[in-house]
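A.B. asks: structure for this input, please:
(one chain, ligands or ions: 2)
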Amino acid sequence: MTEHHARPARPPVLGCIADDFTGATDLANNLVRSGMRVVQTIGVPTVPVPDVDAVVVALKSRTIPPQEAVALSLAALEALRTQGCRQFYFKVCSTFDSTPQGNIGPVAEALLARLGAAFCCVTPAFPQAQRTVYMGHLFVGRVPLHESGMRNHPLTPMTDSNLVRVLQAQCSGRVELLELAAVRAGADALRTRMARLEGEGVRFAVVDAIADEDLMVLGRALAGAPLVVAGSGVAIGLAQNHGLAPSQGAAQLPPPGGARAVVSGSCSEATNAQVQAFIAAGGPAFAVDPLQIAAGADVAGQALHWAAERLGGAPVLVYASAPPEAVQSVQRALGAAAAGAMVEETLARIARGLVDQGVRQLVVAGGETSGAVVQALGVEQLRIGAQIDPGVPWCHAVARHCDAPLHLALKSGNFGAVDFFHKAFGQLA
Ligand SMILES: Nc1ncnc2c1ncn2[C@@H]1O[C@H](COP(=O)(O)OP(=O)(O)O)[C@@H](O)[C@H]1O
Ligand SMILES: O=C(O)[C@@H](O)C(=O)COP(=O)(O)O
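C.D. replies: Ligands and ions are numbered 1, 2, ... in the order given. Predicted coordinates for the structure are as follows:
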């Protein structure tokens, strides 16, 4: 939850449903930086949230069966409506992580139907993190999505950069492009164009955006729209519709304490480079071998025994992160879903053990991994602090399974500079 400023209490204006936990903190980070007071809940909130402008519900629904993702997302929508939210944001990955079955299309269609709406804009553009959309094609830095490291993702390999085509394969409604020229024509013209597309029976418009200014225009055009489906980028353009402006004060967190650790289950290019940089700089690191887990070894116990002798000194790293060839060989042996679940469960047990041993500053790399860790720790709400790198803030969490509050950074696999792990702890020092 962010600091409360002196504003009259009113229901939150924006209700957000994020399909993974790193994605949720990424979105909350952009909302906070644009001037909104935000509370992030882990799972569907069951109690009233405090006086905030936006609520972000973090789900772990990106890779579960589509019907389960739909049911969870609709439950989140109902809870957000109960809190008084009037506009809704379905936060998906900036690399549009999904499979031909979903879950972006099915969840977006179900949310639209429940809201009684017929049309919504979709864009994963987040230029500050080098995600741009042009002619409906998603670029990651200088390369199209299908040439980026995402083509080798363990759970959601992305092999087509044409998002109109990718989304159409997941939807029954019609998907069209809203090209950059329409965005550059300004918010009023863009709104007129959106209305025309809706009149033509289009359900989803994939919107081009290559710079923050495009997202600001789109944000204005979305005033009053019931739903937007987007990465975290569009968040920078929504606060202006509610008379809110960027504020630094929102990012203050209590001082950190305790030992420092990183748990990494992301196999993305950026994370693999961060792991290698940490090790090359002499950081103590323990590699988790999925085949050992499958063979019945007590890998979590070994990792915790190793860590117990080192905690309190330099930050320690426990990682399953591995390059694509190693991941593929594990997946051939164990199956992709089973390997993923097994590694997540082990890393979550390790994270909980590390916290039991006194870790109070914890970086988790990987969206699914973060979901597993946060659930194992029993975290219910997160307060968002300062940004470490685009898309990744420090957060402050109270966890059921920890007697003192924790500083947590949930890092999307793709995000962060190569020295992210050291940078993160340096920022808290
Ligand atoms: N060495 C490995 N072999 C196979 N799967 C792995 C390995 N290491 C991690 N995984 C799995 O890969 C998935 C990575 O997804 P995630 O944590 O969301 O990372 P990212 O943020 O990069 O997408 C997780 O399910 C994780 O358990
Ligand atoms: O939008 C993004 O890229 C991130 O917020 C995100 O969703 C992260 O997903 P993972 O790469 O699985 O961590």
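A.B. asks: make it CA atoms for all contacts and neighbour counts henceforth
C.D. replies: OK.
A.B. asks: and the stretch 101-250 of the chain, which residues reach ligand 2?
C.D. replies: Taking Cα under 6 Å from any ligand atom as the measure of proximity, the stretch 101-250 of the chain contacts ligand 2 at Gly231, Ser232.
A.B. asks: rerun that using 8 Å as the cut-off
C.D. replies: Pro124, Phe126, Gly231, Ser232 (Cα under 8 Å from any ligand atom).
A.B. asks: burial of the second one, as a residue count?
C.D. replies: Applying other Cα atoms under 10 Å, we find 27 residues neighbouring Phe126.
A.B. asks: name the nearest residue to it, ignoring sequence neighbours.
C.D. replies: Excluding the flanking residues, the one nearest Phe126 by Cα to Cα, 6 or more residues apart in numbering is Gly233, at 4.2 Å.
A.B. asks: got the residue ranges for the strands in the stretch 151-300 of the chain?
C.D. replies: Assigned by DSSP state E, counting those that start in this stretch, the strands in the stretch 151-300 of the chain fall at 174-178, 202-207, 227-230, 259-264, 285-287.
A.B. asks: buried subset of the residues of the stretch 101-250 of the chain next to ligand 2 as a PyMOL selection?
C.D. replies: The PyMOL selection below is limited to those of those classed as buried (16 or more other Cα atoms under 10 Å):
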select buried, resi 124+126+231+232
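A.B. asks: and the residues of the stretch 101-250 of the chain next to ligand 2, which is closest to Ile293?
C.D. replies: Gly231 (34.0 Å; Cα to Cα).
A.B. asks: near ligand 1, anything from stretch 278-292?
C.D. replies: Yes - for stretch 278-292 and ligand 1, the contact criterion (Cα under 8 Å from any ligand atom) is met by Val288, Asp289, Pro290.
A.B. asks: so which of the residues of the stretch 101-250 of the chain next to ligand 2 also contact ligand 1?
C.D. replies: For ligand 1, no contacts are drawn from these by Cα under 8 Å from any ligand atom.
A.B. asks: on that earlier part again, could the strands of the stretch 151-300 of the chain go into JSON lines alongside mean neighbour count?
C.D. replies: Putting the strands of the stretch 151-300 of the chain into JSON lines (neighbours: other Cα atoms under 10 Å) gives the following:
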{"stretch": "strand 174-178", "mean neighbour count": "21"}
{"stretch": "strand 202-207", "mean neighbour count": "25"}
{"stretch": "strand 227-230", "mean neighbour count": "26"}
{"stretch": "strand 259-264", "mean neighbour count": "25"}
{"stretch": "strand 285-287", "mean neighbour count": "18"}
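A.B. asks: mind putting these in a markdown table, mean pLDDT included?
C.D. replies: Below are the strands of the stretch 151-300 of the chain laid out as a markdown table (pLDDT from 0 to 100):
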| stretch | mean pLDDT |
| --- | --- |
| strand 174-178 | 98 |
| strand 202-207 | 98 |
| strand 227-230 | 98 |
| strand 259-264 | 98 |
| strand 285-287 | 98 |
